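Asker: this one's structure only:
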Ligand SMILES: Nc1ncnc2c1ncn2[C@@H]1O[C@H](COP(=O)(O)OP(=O)(O)O)[C@@H](O)[C@H]1O
Ligand SMILES: [Mg+2]
């Protein structure tokens, strides 16, 4: 257990880190080390953020509209990847037939970076919603499958043998031993998938899009508005951190044993 | 029911070229408490794994109640040498887990779990996870999980090796009590000869690889046994000499 004092020190350190980071950045621009035409200071970014919440200028939509567009896109692709990828990885880890059948295809798909899918997806599906969902899906799918697969493979054989000598069926061994034992790995995979889907989202939107945070960033560049670029980037950063934190809470609920 | 719980006939096991068990034959009677002693690496664990069909013999056979072992049918409980509490279950859930895998009724599960928690002094930590507890407490959970099944055949692979002496003495008495109360057959592996003489009705002494049963010694001292009695010490030294000899 960590003491209250220890906790306070840790919190202070985290806050100090943020303050120094943004402080140095603000000073660097204010004191003219970096031109404010190239990099806006945090104060300007905050005011641009507040303004963009309601203002559609200059590129045509409010921050909220862009955000919701991106968020829906990333979340639906991410959820689809988790719902399909995790069970698939678990089954591949447990059942030899699944493993043999799917692993070769998976090994070929795995090294292809998600953004390398963009050109073919645009040709096949255009720049609409479905194409981008697919690209983000691929990005999130890979870590879900890999970690679930490894989680099963790393199950302690002794624990499997315990269940087997108690007369457990194969299905019981899968559901009562292998899956619980792999849960932490699965969560790590899901966390990586979340990161991957968020970062691929921007890539997909920057290349071909008519809205969304990636589009807003891209337009900020064309209009030479670093404040808008940074608002987009920080929105992505903060949302990612928030989602990751929520996922951590969920993990503590579902798999509490590692956190005591 | 046949008189023999376990029947081992010409059992041979090779791992590649390594001959571990060499044509071993012996039997264990229903309700008997047998200790298996032998040097490290002679194949004691391998024998138990063969017995419960985690491994297949190279030749020969092992029968439980006159037929090949089937964990789904025979009520077997195996305390492995390695730590084996389920880390994602609390103490209480660990104890219940074997009963649940066997689809026992809710009433039986509750009754047995309470009985075991009480017997092994685990009530205070029932909601804890194994990694929050000491290694010897984890082993107590594993033993409790096995005892809760009231197994016909209880297999214990050096279960008390990592425990301090007080806990070990206590658990030695508890395994005797369980054995008496349930009439199960117990095969108990140990390299602690005093422990073997304290527990066993019969002690099987194994030779180094390639392994056969070198000798067997019946121990019919009254219980609870006095480890300082001359008869106890004589038996202990007899077995020790047998092992020293090689
Ligand atoms: N799966 C295996 N593959 C190869 N060799 C093994 C395997 N299991 C055990 N052995 C070997 O068999 C011998 C007996 O092992 P074991 O039964 O664990 O001994 P004990 O339990 O008596 O200490 C050892 O020499 C060990 O290295
Ligand atoms: Mg062993």
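Answerer: The structure has been received and is ready for your questions. Nothing here was measured: the structure is a model prediction, and the numbers come from that model. Ligands and ions are numbered 1, 2, ... in the order given.
Asker: For residue B:199, see how far away the residue nearest the centre of chain B is.
Answerer: Computing the C-alpha centroid of chain B and ranking residues by CA atoms, centre = their mean puts residue B:156 first, at 1.9 Å. The gap separating residue B:156 from residue B:199 is 10 Å, by CB to CB, to the nearest Å. For glycine as for every other residue, the C-beta is placed from the backbone atoms N, C-alpha and C.
Asker: Equivalent analysis for residue B:88, please.
Answerer: Distance, residue B:88 to residue B:199, using CB to CB: 33 Å.
Asker: So for these two, which sits in the more crowded spot?
Answerer: Per other CB atoms under 10 Å in any protein chain shown, whichever of residue B:88 and residue B:199 has more neighbours is residue B:199, with 25 against 21.
Asker: just checking, what packs against the lowest-mean-pLDDT helix or strand in chain A?
Answerer: Lowest mean confidence among the helices and strands of chain A (mean pLDDT, DSSP states H and E): helix A:118-125, at a mean of 83. Packing partners of helix A:118-125 (3 or more CB pairs under 8 Å, 6 or more residues apart in numbering or on different chains; DSSP states H and E): helix A:129-153, helix A:179-207.
Asker: Specify the angle between it and helix A:179-207 in degrees.
Answerer: Taking axes from the mean of the first three to the mean of the last three CA atoms, to 10 degrees, one finds helix A:118-125 and helix A:179-207 inclined to each other by 80 degrees.
Asker: same for the helix or strand containing residue A:67, what does it pack against?
Answerer: Applying DSSP states H and E as the criterion places residue A:67 in helix A:63-94. Under the contact definition 3+ CB pairs under 8 Å, 6+ apart, helix A:63-94 sits against helix A:96-109, helix A:129-153, helix A:179-207, helix A:213-222, helix A:226-254.
Asker: Just name the most buried of those helices.
Answerer: Highest mean neighbour count of the helices and strands packed on helix A:63-94: helix A:129-153, a mean of 24 (counted as mean count of other CB atoms under 10 Å in any protein chain shown).
Asker: Run the contact check for the helix or strand following that one versus ligand 1.
Answerer: Under the assignment DSSP H and E, the closest C-terminal helix or strand after helix A:129-153 is helix A:157-165. No. Figure legend: helix A:157-165 not in contact with ligand 1 (CB under 6 Å from any ligand atom); closest approach 10.3 Å.
Asker: Helix A:157-165 and ligand 2, are they touching?
Answerer: No. Remark: helix A:157-165 sits outside contact range of ligand 2, by CB under 5 Å from the ion, the gap being at least 12.2 Å.
Asker: Okay, buried residues for the helix or strand just after that helix please.
Answerer: With elements assigned by DSSP H and E, the helix or strand that comes after helix A:157-165 is helix A:170-172. Residues of helix A:170-172 classed as buried by neighbour count (16 or more other CB atoms under 10 Å in any protein chain shown): residue A:172.
Asker: With stretch B:201-220 instead?
Answerer: Counting neighbours by 16+ other CB under 10 Å, stretch B:201-220 gives B:201-207, B:210-214, B:217, B:219 as buried.
Asker: And for the longest helix seen in chain B, what's in contact with it?
Answerer: Ranked by residue count under DSSP state H, the longest helix found in chain B is helix B:165-182. Under the contact criterion CB atoms under 8 Å, 6 or more residues apart in numbering or on different chains, helix B:165-182 has outside partners B:33, B:119-120, B:136, B:140, B:143, B:147, B:150-151, B:154, B:156, B:159-160, B:163, B:184, B:186, B:188, B:195, B:198-199, B:223-224.
Asker: let's go with 6 Å and repeat that
Answerer: Here helix B:165-182 makes contact (CB atoms under 6 Å, 6 or more residues apart in numbering or on different chains) with B:33, B:136, B:147, B:150, B:160, B:186, B:198.
Asker: following it, which helix or strand comes up?
Answerer: Assigned by DSSP H and E, the successor of helix B:165-182 is strand B:185-189.
Asker: What mean pLDDT does that next one get?
Answerer: Per-residue pLDDT over strand B:185-189 has a mean of 95.
Asker: hmm, back to that, Throw the buried residues of stretch B:201-220 into CSV and include pLDDT, secondary structure and distance to residue A:67, thanks.
Answerer: Shown next, in CSV, are the buried residues of stretch B:201-220 (pLDDT from 0 to 100; DSSP: H, G, I helix; E, B strand; the rest coil; distance: CB to CB, whole Å):
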residue, pLDDT, secondary structure, distance to residue A:67
B:201, 94, coil, 75
B:202, 95, strand, 76
B:203, 94, strand, 75
B:204, 94, strand, 73
B:205, 92, strand, 75
B:206, 89, strand, 71
B:207, 85, coil, 75
B:210, 83, coil, 72
B:211, 82, strand, 70
B:212, 81, coil, 75
B:213, 84, strand, 75
B:214, 82, strand, 77
B:217, 90, strand, 79
B:219, 91, coil, 78
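Asker: Many thanks, I have nothing further to ask.
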